[in-house]
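Participant: here is the input, now give the coordinates:
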Amino acid sequence: MKTLNLTFIFFMCMFTKINSQSDPLSDLLAAGIEDAQRFAEGYTAPASEGLVYAINNGWFNSAKPLGRLKFEISIVGNTSFVKDENTSFNLDTTAYQNISFADGNSSSRMVPTIFGASTSETVSLSYDAGFDVDGIEDTTIDVLLPGGIGTSEFSFIPSAFLQLGFSPLKGTELKARIAPNLTYSDAKVNAYGFGIQQDLLFWLPMKKILPIALSGVVAYTQLEGSYDLESSSLIGGDNQTLNVDVSSMLYQLVLGTNLKIINFYGSLGLVDGETKTELLGEYIITDSNTVSDPIKISNETSNMRTTLGTSLKFGFIGINVDYTFSEYDSANFGLNIGF
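Facilitator: Got it, this is the predicted structure:
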């Protein structure tokens, strides 16, 4: 099993892996920006989607908001699991202008995504080399496509946040979360978010009769990352960076018990987000071909989700665990300190 310390590093892996073998990144770009972008979209799509799910867990640990003027500090850890169907994608060479499989046996086959196997397929790329060889300027070369981050029974996307909750009014809890700025090699990443949890029963008499709570949660999360490619790239050029920007909204209806020590909760909601990935800077492909800002990918994600969980409270300290069922299932753990 393989995992990485930062969710953003999954995107970084794409380009470091490409650069590590005979510089196929320059060959993919030389074969055409449209072909390079189409391949990058299929290769990174599961990570683009998975990030949206990974950063939206752990916004609540109970169906009941904090009491008026109460604070809660939480350490939230999440793991989103990658399904088998997201470890490969169909590469149909008829949709590409200058790419074909080297063995010529078929025009369409499954190849690894960033979460897939570490080995991939060999393709033939045709492009203008920028110089005349025996009267022929076009060049065809064989290139091994980048594989995934490894082979395992399952892969997952980790994330963690420090979260603060405060109730300024009865039945209303305001929330904020942050993942401190982190630096890993040439990569930098930070994440933050804001949310609100509103009690939907506090004005109804049934709350005093039945030990239940019902609330609504709305939250926004933003993740920003950048990776300086110049130190690892085999391609000449300037200001080479990989930028990743994830913005998402979460809408949840949470129903649960309202007891003193142990509680159970479940929720139904919607997660909606967008991931933008950009390969920026100048890249010298051949002596006569330099491209600027060659790849810009935008991936939108929207799906329903259901969460089941339980929480325990001992004085001012509490813990909670829950599991979310969605396109990317997720497990969440929280350590909560209230006062």
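Participant: output stretch 65-81 as CSV, nothing but the C-alphas.
Facilitator: Once non-C-alpha atoms are left out, stretch 65-81 reads as follows in CSV (Å, rounded to 0.1, in the frame of the first residue of the first chain):
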residue,chain,number,x,y,z
PRO,A,65,-24.5,22.5,17.3
LEU,A,66,-22.5,23.8,20.3
GLY,A,67,-24.3,25.6,23.1
ARG,A,68,-24.4,29.4,23.1
LEU,A,69,-21.0,31.0,23.7
LYS,A,70,-19.3,27.6,23.7
PHE,A,71,-16.0,26.8,21.9
GLU,A,72,-14.6,23.6,20.4
ILE,A,73,-11.2,22.9,19.0
SER,A,74,-10.9,19.8,16.8
ILE,A,75,-8.1,17.9,15.1
VAL,A,76,-9.7,16.2,12.1
GLY,A,77,-8.1,13.4,10.1
ASN,A,78,-9.6,12.0,6.9
THR,A,79,-9.0,9.2,4.4
SER,A,80,-10.8,9.0,1.1
PHE,A,81,-10.5,5.6,-0.7
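Participant: and the strands in the stretch 151-300 of the chain?
Facilitator: With strands called from DSSP state E, counting those that start in this stretch, the stretch 151-300 of the chain shows them at 155-169, 172-184, 187-199, 212-228, 241-257, 262-280, 282-286, 289-292, 295-314.
Participant: how many residues are close by Thr79?
Facilitator: 18 (other Cβ atoms under 10 Å). Using the backbone N, CA and C atoms, a C-beta is placed for each residue, glycine as well.
Participant: any idea how far it lies from Tyr328?
Facilitator: Distance, Thr79 to Tyr328, by Cβ to Cβ, to the nearest Å: 10 Å.
Participant: joint contacts of the two?
Facilitator: 54, 157 (Cβ atoms under 8 Å, 6 or more residues apart in numbering).
Participant: for the protein, longest helix please?
Facilitator: Longest helix of the chain, by residue count under DSSP state H: helix 33-54.
Participant: show me how far it is from its chain's centre.
Facilitator: Computed by Cα atoms, centre = their mean, to the nearest Å, the chain-centroid distance of helix 33-54 equals 10 Å.
Participant: likewise stretch 211-230?
Facilitator: Counting by Cα atoms, centre = their mean, stretch 211-230 is centred 11 Å from the centre of its parent chain.
Participant: which stretches of the stretch 151-300 of the chain have low pLDDT?
Facilitator: Residues of the stretch 151-300 of the chain meeting the criterion pLDDT under 70: 151-154, 182-185, 206-208, 231-234, 286-287.
Participant: hang on, the earlier thing: average pLDDT across the helix or strand following the longest helix of the chain?
Facilitator: Next helix or strand after helix 33-54 toward the C-terminus (DSSP states H and E): strand 71-82. On average, the pLDDT along strand 71-82 is 94.
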